[in-house]
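*Asks:* got a predicted structure plus its sequence, pasted below:
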Amino acid sequence: MLNIITQHWDTLVSGLGYTLQSSLIALIGSVVVGTAFALMEISVHRWLRVIGTAYVEIIRNVPLLVITMGFYVIVPKYVVAVDGFTAGTIGLTIYTSAFIAETVRAGIESVAVGQMEGARAVGMTYTQAMTHIVFPQAIKIVIPPLGNQFINLVKNSSVLAFVAGFDLMYQAKIIANLTFDTFNTYLAVGVFYLVLTMPLSYLMRYLEKKWVTA
């Protein structure tokens with residue numbers, strides 16, 4: 001394994017960079033999109049609830065690879081040219097956003113109904129009550145499951161390998177084909193994934209202790 005890392009260090013670091021970049025973009029995008037659809041799911045407007053629920057249920061039940069291949073094959077053919085990295089990142093964002101939407105929705109609904117009613121009673125609008133009263137409490141509740149989703153997102157970024165996204169797994173295939181040492185190659189890649197996921201895991205534990213017990 002050490003020979004693979006030392007001899008192909010530049011290739012692995014390059015893949016790590018693409019994996020990290022894709023994961024960060026998808027993380028930010030999925031949180032924004034997921035939160036938006038979570039709010040739609042609990043909206044007072046029925047048509048928004050229908051759209052939000054339909055999005056979450058459809059995306060959660062379609063494999064990540066299918067969504068990614070859709071952007072890699074179908075979108076370039078009928079809409080606009082999309083490279084592998086972009087297709088993989090968009091697919092990862094959309095797929096993860098559905099799970100984050102359900103996590104955020106569950107967190108919001110776990111806040112006592114009286115919190116919203118009390119805020120509305122003192123003159124707050126629905127948006128103000130959600131922003132200043134309900135949502136801050138929900139965030140503390142959803143920190144642990146959100147942490148799991150973030151870690152899953154990093155691991156799921158390996159889908160880029162199927163669409164020539166130049167990520168860690170893609171570079172691993174190249175190295176394995178060159179060296180014929182599949183075992184040590186993927187063992188080395190596993191170490192690189194640990195470098196990404198372990199700090200994230202400890203960060204989420206820290207935030208959980210800091211915010212949940214606050």
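*Replies:* That came through, no problem. Numbers count the residues shown, from 1 in each chain.

*Asks:* now the lengthiest helix in the chain: buried residues?
*Replies:* In the chain, assigned by DSSP state H, the helix with the most residues is helix 9-41. Residues of helix 9-41 classed as buried: 11-12, 14-16, 18-20, 22-23, 25-27, 29-31, 33-35, 37-41 (neighbour count, 16 or more other CB atoms under 10 Å). The C-beta positions use only the backbone N, C-alpha and C, and glycine is treated the same way.

*Asks:* so who does I42 touch?
*Replies:* R49, R105, I108, E109 (CB atoms under 8 Å, 6 or more residues apart in numbering).

*Asks:* can you get me a residue count around the first one?
*Replies:* By the criterion of other CB atoms under 10 Å, R49 has 14 neighbours.

*Asks:* and the residue nearest to it when sequence neighbours are not counted, how close does it get to I108?
*Replies:* Nearest residue to R49 in three dimensions, chain neighbours excluded: S43, at 5.5 Å (CB to CB, 6 or more residues apart in numbering). According to CB to CB, to the nearest Å, S43 and I108 sit 11 Å apart.

*Asks:* more neighbours, the two?
*Replies:* Ranked by neighbour count (other CB under 10 Å), S43 and I108 place I108 first, with 22 against 15.

*Asks:* which ones are touching Y72?
*Replies:* V82, G84, A87, G88, G91, V163.

*Asks:* which residues are in contact with the first one?
*Replies:* Under the criterion of CB under 8 Å, 6+ apart, the contact partners of V82 comprise F71, Y72, V75, P76, I90.

*Asks:* same deal with the second one?
*Replies:* With contacts defined as CB under 8 Å, 6+ apart, the neighbours of G84 are Y72, L160, V163, A164, G165, F166.

*Asks:* pLDDT value on it, please?
*Replies:* Looking at G84, its pLDDT stands at 95.

*Asks:* before we move on, what about A129?
*Replies:* 89.

*Asks:* before I go, just wanted to say thanks for your time.
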